[in-house]
Structures are given as structure tokens and as C-alpha cells.
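Q: Could you work out the structure for the sequence below:
(chains A and B)
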2 protein chains.
Amino acid sequence: MVGALRDAVGPESCLDRPEELLVYECDGLTSHSARPTAVVFPRDREQVISVVRTCREHGVPFVPRGAGTGLSGGALASEGAVVIECSRMNRILRIDPEDRCAVVEPGVVNAEVSKAAAPHGLFYAPDPSSQLACTIGGNVAENSGGPHTLKYGTTTDHVLALELVLPDASCIELGSATGWGTGYDLVGLAVGSEGTLGVVTAATVRLEPIPESVETLLAIFPDLVRACRSVGGIIEAGLVPAALEIVDRRTIAAVEASVYAAGLPRDAGAVLIVELDGPRESLPPQTERVVAIARREGATGVEVARDEAERQRFWRARKGAFGAMGRLAPDLYVHDAVIPRGRLPEVIEKICAIGDRHGLVLSNVFHAGDGNLHPNISFDRRDPDEMRRVLAAGAEILELCVSVGGVITGEHGIGSEKRDFMHLLFDEADLDAMRRVRAAFDPDGVCNPGKLLPTPRFCAEANPKARGYDRVPFA
Amino acid sequence: MVGALRDAVGPESCLDRPEELLVYECDGLTSHSARPTAVVFPRDREQVISVVRTCREHGVPFVPRGAGTGLSGGALASEGAVVIECSRMNRILRIDPEDRCAVVEPGVVNAEVSKAAAPHGLFYAPDPSSQLACTIGGNVAENSGGPHTLKYGTTTDHVLALELVLPDASCIELGSATGWGTGYDLVGLAVGSEGTLGVVTAATVRLEPIPESVETLLAIFPDLVRACRSVGGIIEAGLVPAALEIVDRRTIAAVEASVYAAGLPRDAGAVLIVELDGPRESLPPQTERVVAIARREGATGVEVARDEAERQRFWRARKGAFGAMGRLAPDLYVHDAVIPRGRLPEVIEKICAIGDRHGLVLSNVFHAGDGNLHPNISFDRRDPDEMRRVLAAGAEILELCVSVGGVITGEHGIGSEKRDFMHLLFDEADLDAMRRVRAAFDPDGVCNPGKLLPTPRFCAEANPKARGYDRVPFA
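A: Down below sits the predicted model:
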């Protein structure tokens, strides 16, 4: 098996010694791990095809992987899978300023696309927090979001076409560079499919004009609920900011004690970062309105960034948050769920209460404008009782979010982490439709097994509709 | 069979006499027709389920239908299908201003959604030209666009969740009202699937804030190519207008001779309508830039609408176009294809040459900003030689568009009309993936048969990749 893989990609591009495999045993979800049979580094589509063919001949599953920054265990090598590590397929094949698109290989780092597009006045909008490391292939797999999702949408809104090597080692093209689909929207289906339908070997992505002007505000609130109410006020006013991010008290304290210190008042209950972008003349009146809404909702201070340095300082409070959390405990469980924006004040209070009830250190940093929550639990996994409480609190948070009409992931995916929570949202008929679609691409279940869909046994235990959850309030 | 259908929906909601069926023999593509076995008008999901169950018991296929305004024969009752006419499922179930969404039944007329949302300062963005008649269910089936697609996207960008009755008469829910998908994006798959995966019985759609201000410009050009070049100039300048529409000389003449007369100079080669929307202060500088670009590209005049009445006058030149075409000939073939925007000037000249070469009256009204062309051929179907030339010119136009990296439909769908042109874009492996996805929902091929996908026989004749077409230029 490994010999054939070496033949496929070259001996220098195939790892199989235990010490080499160690780093590929997990992705950003460090609580889950599984050892791959081997890790291969193909350099082009033909090598990917050879690897898939070899895996099939030997009856071994495979899993595509990018930078391994995913937080739901989507790149976990379940069932001894071969990891197809795409980081060496990292060429930007084309930038087309006229049609505002770029053609890239899956291993291209997210931030590199915007860098290459910048001389043309264009950028690639989806900006996950890991954008200096994560790859376009991984973003496609997980349908990654980011702080600017509110205005610009997630990855699925920016992928025009894909080249996909299927589990039978054939290669198909989905979509078109014009962005206009013909027939079934298989691009949309492939984005967010977590590598379960095949291996993406190239992507055509949409580029956007760099906004003429950007204005960044930082509003300081005595508590989290008032910050959440401001978000509702801004949306109800018909404004469409590029970003609306909230950082809570515990996170501020951690950031201010860290190298990311942004000069925030440590006694603040929460800060709200508002970013507006667009034509220069459109920003001052919008800025005024945001300031007025924040003050009306009880902000004790609102600052408008005077220059790029100050803008970066405001963002440090947000972007440094996960790094700073390391100060609180050895481990951090980054949760991810979405609720209807209107329920923010109420749900965020209940989430804090869940953390308190379990005696956990829970903090919140989140894409408030999207209703995309990131309750983070700081813990020490060496303490089995604490670990148990972390998992119990996590399950309660997901159930709470679903009970108000939300969903169990915004941008991190289902992966290995949340597959057994799919039954909170979907009944057996819904899940069967997904299983059949998956089987249309991967009838033998060899492509990233163990991800996204629950085992039928588990989800048969529960029927969300019987529970009265209101995911799609049609009736 | 008809007795059982009557039981399912009530005798007053089931038609089967030949004179009653006549009007359901075709949709907006009048060149194709097929007589249904019966037409039923269900009033709710349960009646749809009963109808589907009855059809399955009797081995008769079925096809969902909205207002029948589709232009690709997507609602054609092929193989004696039962037409499930959803126009009586026309309730707006909920408007949710806080989360900016509406829940509607499939028979709700497009324009009614915006009307119901207006008191909340919201609107439903996709605006097909038929929006006073066409339904949300039909829009979902065909992934309808419209003049404002350039800024706001097509239907797929505005559907958050769907309720779908499958061909086995089970009912599933896709997506979530938050707009955040979990698991495979089956909403995206269902939108544009032309009623081949099941019958949509409810949709949750996104609402947008009504823009604070709108500015509409009309630029007059001596020829079509200069108008196209202005479009390129506006896009390259980084502007994102709400609409960029071109109307050519022949269409202007027809409009000016009709009740839609908008006072356009009859000797103009083309007019370009530019609509800008957004915060009030942002529009004057953008308007100035558009005027400057149009003049630079050779506009002989640029008018800015002074009031709503003038704005409506400008739009009459566009919206009255299809009605006015009736003056030129008894029949009109409305084509629909998309090309990379950068190729507009060159392709539009070639399309005119194709019309001339076949001795046809060809005019152009199109969503220039999207590269979404509508070459329209005026003809008399009673003249068999002319009919033959219309079809030959249509095929040449599609081949031309594909040869420059375009696709064969923008917003009208594949339907019955273009299924045998799918081989221009897709090879057998690509089409097989689509066939397997279809079979995952409809293994027996009973749900809107004869649409979207070509018969294997036909498409096996050609391989687009061997032909060197560059749909997804990856390599």
C-alpha cells in the first residue's frame, strides 16, 4: 500500500513512520485524534487521481486535508484513512481582473489570494480568523466564514467553479467561471461537504473590489446584553455593516493581560466592533447613526478609529482573543452555533448561566451581526471531571441554540465533533436525503468516513420535530 | 386515476377535460407543448402529498407548476404528467422583520412578497421581468434572476429554507431560517433543480433593507459595442451598480412605436440604463463617475432621472421591450445565455452577425452587468423555413457563448428547451454526477421527467473538453 503511494507521489512526498504521522493525528479539534495509514503530498491533479486509485485498490479510505486549522475534526483520519495533504498544490493559476475571479489550487493560503488580487484593486472576501494559515481547499470543505461574513457572505457565496476528483478516481468540473450555474448546483453542494464527496483539485473564486473606504468603531458597554441590543438596533436601522463583532468581559481581561493588549477598559462588560465600508461619502452619516444607536443602548464610550494603526488596535481585541485565552487555562473548547439575531440578548445570558452552573470559565467572542456565537470554554483536559462538565455544557448550549430556531454550526462544520448532534436538527427523512446525496458521489463510504452524518443508530433515538423545535417554521 | 386525484384535492380543484387542459399544455416557451393527464390545485402540503401518492400508485409522473411564465418549458407535462398547479398555495405565512425573512407558500406571486415586506422597510430582491405574475415556487425551480441580480444575486442567494415533498411522498425540510446551513447544502441543490427533485411546499426567503436612495441614469450610444464597453468601464472602476441594462436599436424602435414609448431617440444605437442604490450621500459621486465613463466611451447623451416618474420612464424602455416586440412579428424566441462580461463587445457583434446571416430579425435586451444576454428573434412560426433558421441561429448563439467560456442559460433554466445542449458544457462524467444526484431524490424518474438532463444517447455524441471549450479553465 505505502509502496504504491510512494510510486504515486514520489518517496519524498509520502510519510508513514509513526513519528512523522503524529502531527497529522488531529486538526484544530485537539480533543479528537486518529492515526492515518500514511500522509501523501500530491503536487497536481494527476497525483491526486493516482493516490485515490491506489487507496481504492487497497480498500483504504482517504481524507483530504489543508492546513489542519479546522475546529470540528473534519480532517481526522478516521478508520486509518490515508491523508491527502494538499498544501503543496499551492499555485495561484490565474487572476482575472476583468471578470473578477481567481483560479487557485486547493493548498493556496486564504490570505495569499487577496494579496495576489490587491494590485488589481480586488480582494477575496471570506476571512476566517485563521486566514494566514488556512487554505482555500479547507475553506471550501467547511464553508468557512469570518468577521466580514455579515456583508460578504461565507465561502459558498464566493466559489464559482470546482474541479473535483471523485472516489472512483474520475474527475469532474462543477460550475463555471462566469459564476452562473447550469443544471444542478453541484458547486453549492460541494462547498461545505467537508471532503466527503471527493477531493477538490482546483477552485475558481470570486474577487470583490476593495472598498473605497473603511470606518471602524469600538463601542464600550457595561454589559453583554446591551451590546447585543445595539446589534439589533443597527440591523433594524437598515444598515449593513461589513462586520459587527462582540468581545465579552472575560475575553477583554485576557486580551489586556496578553501581548495583544489593546488598551480596552478592563471593567467594560463588553465591546462591540463595528466596521463600515463602501464609497467614501457614504460612511460619515452611517458612522453617526451607529454612534447614536450605541449610545441609546447604553454605551459608555464610542471611539472611531482615526487611522489604520488605531483600526488595527481595535481589531486586536477581537483577533487576539483566541491567542490570549491560553492565559486562562491549558485548553480551550471553541464552540460554534448560530441563532436568529433577534434572540441574541436572551440566549447569551442563558449561555453564561450554563457555564456558571457547570462551574466553568466560559467567555464569548462572536460574529454578533450574523448571530454566530462562539462560546469558549477554558479548561484543563487532564481533569476528567472538568472534561465531563465541558462536554455537558457544550451539549446544553447546542440544544439551547436549536430550541430558539438556530443551528449547531456556523463556520466550523460538523466534522467528527458534532455528527451525533445532527439529530437535534434533522429527522431520519432529512438525514436519509443527505445520505443518498453522499452515496451519489461515494457509494462505498471511502471518502472521509465518519464525518458530517450521524450513524443511523444514534439519530434514530430522537426526532427533533416531535420535540417541537422550530428550525423551519413553515406551518 | 382522476377519481383518486379528485378525492385528494376536491372535485373543484381537479381538471381533466381536454378544453380545460389546453392552457396547461405549455408554459412561456410556446414552441413546445404536451397535454397533461390532469391538472390539480392543491391548497396545502397534505394535499400535495396525497396527489404525489396517487400519482405513484398509478405509475403516472407529475410536474409542479407555478404561474407558467417560465421560458424554457420547465413546467411542460412530459409523458402525460399530472400538473401540480401550486397557485392556490398562495399564503404569506410570516414576515419576520427582526431576522429579515419571510415564510411563503410556493404559489405566492413574487411582487407580493416585497409588497408585504414594505411596511417593515424590507423587500425581496430577485425581480424577474415577470414578477407581477410569476411565483416564488417557480422562481425557486428556475433560480430566477432579474435586472437587479448584478448587485443582489439570483434566487439561490435569497432562499434560506425549503419544505420539499419528495417523489416517495415523504416530506423533508432543507436549510434553516437563520440562513446558516448544516450538513450538505440541499437548499442550494433544490434551487434551480427545475422541479425534478420534488415539490416545494414552503420557502423561507431572505428580505433586504429597502435602499435609502436610488439614482437611475440613461446613457445613449451610437452603437451597441460602445454601450458594452461602458459596462466594462463601470465594473473596472470598482462600482457595483444595482443594475446595468442594455437595450439595442431594434428594441428601441419597437418600444417607441408602442404604448411603452419612453421618448428615446430612435436613431440611438443602444441605451444603457444604470441604477445605483445605497446610502443617500454615496450616490452623487458614483453618478458622476458613471456619467464620466459613459461620455468617455462615446455616449452622445446621459440623463439622470430627476424624479420617480422619469425613473419609471427610463425603465419602460427596458420593461416594455418584450411586450413591444409583438409589433415586429407574431412570435418571439427569447434566448438566454451568459458570457464572461469582458467578452461582451466582441460576442454581441458576432451574435448580430449570426442573425443577419440567417436573415432573421434579431434584437438584444440584456442584463449587461451580469454578461447575461437575451438575444431575441422575432419570427412567424407558420413559416417552416424561418422556424428552421430560428433554431439554427439559436444553436449557433449557444455554441458561441460556450466557446468564450460562457454558459447556456442565466435565468430561464434548461427545461425542455436546452437539455440537448447540455453536452456543450458537460462531458459524460459531469452529467453522470448530476444524474446520480437526481436519482438520490427521484430514483424512478417520475418527478418532472424530460427536463434539465439530456438523454445519455444524445450527449454521448460530443465531449466538450475534447472540443477545447474553456468553461472552467483550471489547467
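
Q: For chain B, see how far away the most centrally placed residue in chain A is.
A: The geometric centre of chain A, computed from its C-alpha atoms, lies nearest to residue A:411 (C-alpha atoms, centre = their mean), at 3.0 Å. Separation of residue A:411 from chain B (C-beta to the nearest C-beta, to the nearest Å) stands at 9 Å. Any C-beta I mention is one placed from the backbone N, CA and C, and that applies to glycine too.

Q: got the contact list for the nearest residue to that residue once chain neighbours are set aside?
A: Nearest residue to residue A:411 in three dimensions, chain neighbours excluded: residue A:145, at 3.5 Å (C-beta to C-beta, 6 or more residues apart in numbering or on different chains). Counting by C-beta atoms under 8 Å, 6 or more residues apart in numbering or on different chains, residue A:145 touches A:126, A:128, A:154-155, A:367, A:370, A:372, A:410-411.

Q: repeat that for 10 Å
A: A:126-129, A:139, A:152-156, A:336, A:338, A:367, A:370, A:372, A:410-412, B:180 (C-beta atoms under 10 Å, 6 or more residues apart in numbering or on different chains).

Q: Identify each buried residue in stretch A:440-452, please.
A: For stretch A:440-452, burial by neighbour count (16 or more other C-beta atoms under 10 Å in any protein chain shown) applies to A:440-442, A:445-452.

Q: now, the most widely separated pair of the residues you listed?
A: A:440 and A:450 (18.9 Å; C-beta to C-beta).

Q: coming back round to it: out of the buried residues of stretch A:440-452, which is nearest to chain B?
A: If you rank the buried residues of stretch A:440-452 by distance to chain B using C-beta to the nearest C-beta, residue A:440 comes first, at 3.8 Å.

Q: quick one: that closest one from residue A:446, how far?
A: 14 Å (C-beta to C-beta, to the nearest Å).

Q: do residue A:422 as well
A: 21 Å.

Q: swap in residue A:148?
A: Taking C-beta to C-beta, one finds residue A:148 at 36 Å from residue A:446.

Q: so where does residue A:292 fall, helix or strand?
A: Using DSSP states H and E, residue A:292 sits within helix A:283-296.

Q: Can you spell out which helices and strands pack onto the helix or strand just after that helix?
A: The C-terminal neighbour of helix A:283-296 among helices and strands, as given by DSSP H and E, is strand A:301-304. Other helices and strands packing on strand A:301-304, by 3 or more C-beta pairs under 10 Å, 6 or more residues apart in numbering or on different chains; DSSP states H and E, are strand A:213-221, strand A:270-278, helix A:283-296, helix A:308-319.

Q: ok now do the nearest residue to residue A:142 once chain neighbours are set aside, which residues does it touch?
A: Closest residue in space to residue A:142, ignoring its immediate chain neighbours: residue A:413 at 4.1 Å, by C-beta to C-beta, 6+ apart. By C-beta under 10 Å, 6+ apart, the residues touching residue A:413 are A:29, A:70-75, A:138, A:141-144, A:192-195, A:336, A:451-452, B:182-183.

Q: count of neighbours near the spatially closest residue to residue A:446 that is not a sequence neighbour?
A: Counting by C-beta to C-beta, 6+ apart, residue A:61 is the residue found nearest to residue A:446 once chain neighbours are left out, at 4.4 Å. By other C-beta atoms under 10 Å in any protein chain shown, 23 other residues sit near residue A:61.

Q: Help me confirm that residue A:61 comes into contact with residue A:38.
A: No. With contact defined as C-beta atoms under 10 Å, residue A:61 does not reach residue A:38; the gap is 12.0 Å.

Q: what sits in contact with each of these two?
A: A:55, A:77, A:80-82.

Q: Now the two most distant members of the residues you listed.
A: A:55 and A:77 (11.9 Å).

Q: shared neighbours of those two, which are they?
A: A:37-38, A:61-62.

Q: Would you reformat these as TSV and include secondary structure?
A: Shown next, in TSV, are those (DSSP: H, G, I helix; E, B strand; the rest coil):
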residue	secondary structure
A:37	coil
A:38	coil
A:61	coil
A:62	strand
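
Q: Could you find the closest non-adjacent residue to residue A:294?
A: Here the residue nearest residue A:294, using C-beta to C-beta, 6+ apart, is residue A:219, at 4.0 Å.

Q: For that neighbour, give the beta-bridge partners.
A: Taking DSSP bridges as the rule, residue A:219 bridges to residue A:272, residue A:302.

Q: Doesn't residue A:332 belong to a helix?
A: No. Assessed with three-state DSSP, residue A:332 is strand; it does not lie in a helix.

Q: for chain A, which spans come out with low pLDDT?
A: Filtered on pLDDT under 70, chain A yields the residue ranges A:457-475.

Q: and the longest helix anywhere in it, what other elements does it pack with?
A: Criterion DSSP state H: the longest helix present in chain A is helix A:384-403. When contacts are defined as 3+ C-beta pairs under 10 Å, 6+ apart, helix A:384-403 sits against strand A:331-334, strand A:337-338, helix A:344-357, strand A:361-366, strand A:372-373, strand A:375-379.
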